[in-house]
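Peer 1: Provided below are the primary sequence and the corresponding predicted coordinates.
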Amino acid sequence: MIIGLDDTDSVNGMCTTYIGTLIVEALKDLGSDLIREPPRLLRLNPNNPYKTRGNGAVSIRIRENSGPRLSDKIKSVSFDIITKYSESGDNTNPAIVFIDDNLITKETLVFAKRALHEMLSIEEAISLLDKIGAEYKFIGNGRGLIGALASCALELDDFTYELIVYRSHNKRGKKFVSEESAIQIEKNYSPRIFSSYDFENNRMVISPHSDCPILYGLRGESPEILFEAASQIKSEPPFKRNLFVTNQGTDMHLEEKMIEEVLPFSSVIVNGVISKDPYTVLGGHVFFEISNGKKILCAAYEPTKGFRNIIRNLSKGDQIVAYGGVLDTEYGLTINLEKIEVLKLTEIFKNKKPVCPICGNQMKSIGKGKGYRCKKCHTKNKDSLAEPIQREIKEGLYEVPICAKRHLSKPLLRYGRERNFEEERFKFDYTKFDIKFEGI
Ligand code: ATP
């Protein structure tokens with residue numbers, strides 16, 4: 001059986017991974033080998049307007065053949081935790097689903113995949129759950145069912161781990177996690193652990209500022225390296241911890257499209273030639289337009305900081321690949337850039353004033369298209385010399401800084417590190433993993 005949950009938090013607090021952790025802890029008490037692999041933290045469509053923060057949903061796989069009595073107990077314990085700890089409010093619609101492995105049909109797999117690229121409806125989730133005969137419960141309008149169902153069925157090609165360390169949900173206010181620790185992790189463990197500290201903007205990225213129970217999270221390529229690094233982090237006393245298998249840092253949300261196929265709320269990889277030079281608008285956002293016959297805007301918004309300077313160096317005629325999420329903005333469909341590949345830079349020429357062939361003096365323009373005249377001897381010359389400009393940007397891949405990176409975006413340092421989830425599935429023995437922090 002797989003348990004999926006979503007939409008338990010709000011901007012005021014809580015976190016679906018924390019509630020998932022409470023459920024795992026309670027279920028481990030029912031049977032120490034009931035959960036043999038880490039729960040999954042799956043990021044769904046990052047352009048979802050209903051998301052609280054990172055559009056994350058959690059799924060927990062339970063050992064098969066747990067028997068009907070234990071199975072009922074698992075369901076009631078899990079739902080009690082959702083009811084007790086979820087946030088309440090108009091925008092929080094907690095849901096939990098219980099799906100036997102044999103109920104994961106092809107249609108369910110497709111639904112889960114679409115949850116990364118499209119906006120799905122509550123009705124569609126309910127009708128699919130009913131069709132496959134899955135059990136589900138929800139509070140509020142049922143929106144949480146979309147993520148809960150998707151998290152159970154999403155197949156992972158590439159994957160990473162996140163070790164999340166929590167404070168108690170009763171504790172609120174400013175968190176203490178040492179910035180110096182994050183700096184050391186980035187220095188000593190990158191790229192095996194990624195997105196810990198943004199040296200470009202001097203920002204710690206492991207600890208969220210929101211009033212949720214997460215003290216810090218470390219993302220990386222193996223459980224062991226995350227445990228080693230976490231033991232070096234100085235912070236206020238942690239309460240619990242959990243290890244998640246995730247699709248973070250995998251680019252799983254991006255799909256290759258032609259410009260004419262691009263839809264709002266999707267995340268795309270599109271090829272095009274720059275058809276309008278980059279320009280900066282109020283607020284510091286930088287826009288440019290690409291075309292392949294059809295046109296679309298690309299944007300490097302202000303939070304992408306220094307990445308905008310890379311974009312400003314692009315020019316009309318450059319061939320690029322844009323990576324990012326698509327929203328229908330006041331300017332029309334716009335790709336919010338996460339990465340860009342410059343395939344071919346166009347040559348740009350600047351007209352150089354010619355030198356007088358008679359007296360050697362510099363000549364001066366006498367009007368657009370009319371040519372040049374020597375200031376000293378008045379010799380006329382129609383031609384100027386076209387001088388190639390040295391471009392300030394090189395062909396290659398560029399990404400936004402760590403502080404502006406989406407959870408799903410694959411850091412350039414992870415290229416070539418893709419791994420197969422099914423092959424590595426049971427490498428880590430989760431039955432021996434302790435959620436409680438020693439000494440608590
Ligand atoms: P956090 O990351 O802090 O756990 P969140 O950002 O995941 O929070 P939620 O509070 O879970 O945000 O709200 C997201 C809501 O959107 C959930 O109800 C989820 O079921 C729903 N949802 C997720 N993906 C899609 C999608 N592709 N289409 C429609 N709804 C979606």
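Peer 2: Nice, thanks for sending it over.
Peer 1: Surely residue 60 is in a strand?
Peer 2: Yes - judged by DSSP: H, G, I helix; E, B strand; the rest coil, residue 60 forms part of a strand.
Peer 1: I'd like to know how many residues surround it.
Peer 2: Counted with other CB atoms under 10 Å, residues neighbouring residue 60 total 24. Placement of C-beta: from N, CA and C, glycine included.
Peer 1: Okay, and the beta partners of it?
Peer 2: Beta-bridge partners recorded for residue 60 (DSSP bridges): residue 3.
Peer 1: my read: it touches residue 27, true?
Peer 2: Yes - Residue 60 lies in contact with residue 27 (CB atoms under 8 Å); the separation is 7.4 Å.
Peer 1: shared neighbours of these two, which are they?
Peer 2: Counting by CB atoms under 8 Å, 6 or more residues apart in numbering, the residues touching both residue 60 and residue 27 are residue 35.
Peer 1: Which strands or helices does the host helix or strand of residue 327 pack on?
Peer 2: Using DSSP states H and E, residue 327 sits within strand 319-329. Counting contacts by 3 or more CB pairs under 8 Å, 6 or more residues apart in numbering; DSSP states H and E, strand 319-329 packs against strand 267-280, strand 295-300, strand 332-344.
Peer 1: can we see that at 7 Å?
Peer 2: strand 267-280, strand 332-344 (3 or more CB pairs under 7 Å, 6 or more residues apart in numbering; DSSP states H and E).
Peer 1: what residues does it touch?
Peer 2: Applying CB atoms under 7 Å, 6 or more residues apart in numbering, the contact partners of strand 319-329 are 46-47, 254, 262-274, 290, 298, 333-344.
Peer 1: tell me the SS of the closest residue to the ligand within the chain?
Peer 2: Across the chain, the shortest distance to the ligand (CB to the nearest ligand atom) belongs to residue 147, at 3.1 Å. Here residue 147 is helix, with the state taken from three-state DSSP.
Peer 1: which residues sit in contact with it?
Peer 2: So residue 147 contacts 6-7, 44, 57, 115 (CB under 7 Å, 6+ apart).
Peer 1: quick one: which of the residues you listed sit in helices?
Peer 2: Filtering the contacts of residue 147 for membership in helices, criterion DSSP state H, returns residue 115.
Peer 1: Also within reach of the ligand: list those from the contacts of residue 147.
Peer 2: 6-7, 44, 115 (CB under 6 Å from any ligand atom).
Peer 1: and the two most separated of those residues?
Peer 2: 7 and 115 (12.9 Å; CB to CB).
Peer 1: out of these two, which sits in the busier spot?
Peer 2: Between residue 7 and residue 115, residue 7 has the larger neighbour count (other CB under 10 Å), namely 31 against 24.
Peer 1: Show the contacting residues for residue 242.
Peer 2: By CB under 7 Å, 6+ apart, the residues touching residue 242 are 17, 21, 24, 164, 435.
Peer 1: Where is pLDDT lowest across these?
Peer 2: Looking at those, model confidence by pLDDT dips furthest at residue 435: 94.
Peer 1: Tell me if I'm right that it and residue 241 touch.
Peer 2: Yes - counting by CB atoms under 7 Å, residue 241 is a contact partner of residue 435 at 6.3 Å.
Peer 1: out of these two, which sits in the busier spot?
Peer 2: residue 241 (21 against 15).
Peer 1: That one should be in a strand, yeah?
Peer 2: Yes - under three-state DSSP, residue 241 falls within a strand.
Peer 1: isn't it right next to residue 434, touching?
Peer 2: No - between residue 241 and residue 434 there is no contact under CB under 7 Å: 8.2 Å.
Peer 1: what does the stretch 101-250 of the chain put close to the ligand?
Peer 2: So the stretch 101-250 of the chain meets the ligand at 115, 118-120, 143-144, 146-147 (CB under 6 Å from any ligand atom).
Peer 1: Can you redo the residues you listed as CSV, where the extra columns are pLDDT and distance to residue 68?
Peer 2: Listed next are those as CSV, based on pLDDT from 0 to 100; distance: CB to CB, whole Å:
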residue, pLDDT, distance to residue 68
115, 98, 30
118, 97, 36
119, 98, 37
120, 98, 31
143, 97, 30
144, 97, 26
146, 98, 28
147, 98, 27
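Peer 1: State the pair within those residues that is farthest apart.
Peer 2: 118 and 144, at 17.5 Å, using CB to CB across these.
Peer 1: So between these two, which is more surrounded?
Peer 2: Between residue 118 and residue 144, residue 144 has the larger neighbour count (other CB under 10 Å), namely 31 against 15.
Peer 1: Surely residue 244 is in contact with residue 38?
Peer 2: Yes - the pair residue 244 / residue 38 is scored as a contact, 5.8 Å apart, by CB under 7 Å.
Peer 1: Which residue of these two possesses the greater neighbour count?
Peer 2: The residue with more neighbours, out of residue 244 and residue 38, is residue 244; 24 against 21, by other CB under 10 Å.
Peer 1: May I have the phi/psi pair for that one?
Peer 2: Dihedral angles phi and psi of residue 244 (degrees, to the nearest 10) take the values phi -120, psi 140.
Peer 1: contacting residues for it?
Peer 2: 17, 38-41, 161-162, 164.
Peer 1: what comes up buried for the strand or helix carrying residue 216?
Peer 2: Element membership for residue 216 (DSSP H and E) is strand 214-220. For strand 214-220, burial by neighbour count (16 or more other CB atoms under 10 Å) applies to 214-220.
Peer 1: sorry, back to before: among the ones next to the ligand among the contacts of residue 147, which are located in strands?
Peer 2: Using DSSP state E, residue 6 are the members of those that sit in strands.
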